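Q: with the sequence up front, the predicted model follows.
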Amino acid sequence: MLLAACVCAAAGCDEKLSDVAGPTPNLTSTFSSIQRDIFNAPDSTGRPACTSCHNAQSFRLNGNLNLSGSGAYAQLVSATSSAKPTATRVVAGNPDESYLIQKVEGLPGIVGQRMPLNGPYLTAGQIAIIRRWIELGAQNN
């Protein structure tokens, strides 16, 4: 409970996000950092890079989502999920309505499984930083 409160408190102030980033200590609430440190890189927990599945070669098998390269932002922000057409992958300003958050948190109502598939999953701190990026308007920064 205390950890959750700390993560929530840290999510409100970007300068403190590095304190909760866990296995991705350089992670910040910018798209470029999330793409570099989460989508394109594994971490010390054994979590694989998201692009090990969501890449240009196999994206059609993985929700039609390619998180590699310069097209990743357009694949996420204001984009409809192919697996759940009533869901938007990232709703700028609203992490709770963003299907990306629902998938990485493994919430009820998602289609398929929690991501990353079979874990290890993102830490609460990593998710808080992605949430903060979305809260700040999901800028392409």
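A: Nice, thanks for sending it over.

Q: just checking, what packs against the helix of greatest length in the chain?
A: Taking DSSP state H as the criterion, the chain has its longest helix at helix 124-135. Secondary-structure packing of helix 124-135 (3 or more CB pairs under 8 Å, 6 or more residues apart in numbering; DSSP states H and E): helix 2-11, helix 31-34, helix 99-105. Backbone N, C-alpha and C define where each C-beta goes, glycine included.

Q: worst average pLDDT in those?
A: Of all the helices and strands packed on helix 124-135, the minimum mean pLDDT falls on helix 2-11 (a mean of 43).

Q: my guess is Arg131 contacts Leu100. True?
A: No. Counting by CB atoms under 8 Å, Arg131 stays clear of Leu100, with 9.7 Å between them.

Q: ok, the two, which is more surrounded?
A: The residue with more neighbours, out of Arg131 and Leu100, is Leu100; 25 against 21, by other CB atoms under 10 Å.

Q: Thr86 and Gly106: what is the separation?
A: Thr86 sits 18 Å away from Gly106, going by CB to CB, to the nearest Å.

Q: more neighbours, the two?
A: Gly106 (12 against 9).

Q: excluding its backbone neighbours, what's nearest that one?
A: Counting by CB to CB, 6 or more residues apart in numbering, Arg114 is the residue found nearest to Gly106 once chain neighbours are left out, at 3.2 Å.

Q: tell me where this protein has strands.
A: Ranges of strands in the chain, per DSSP state E: none exist.

Q: for it, what are the low-confidence residue spans?
A: Residue ranges of the chain with pLDDT under 70: 1-18.
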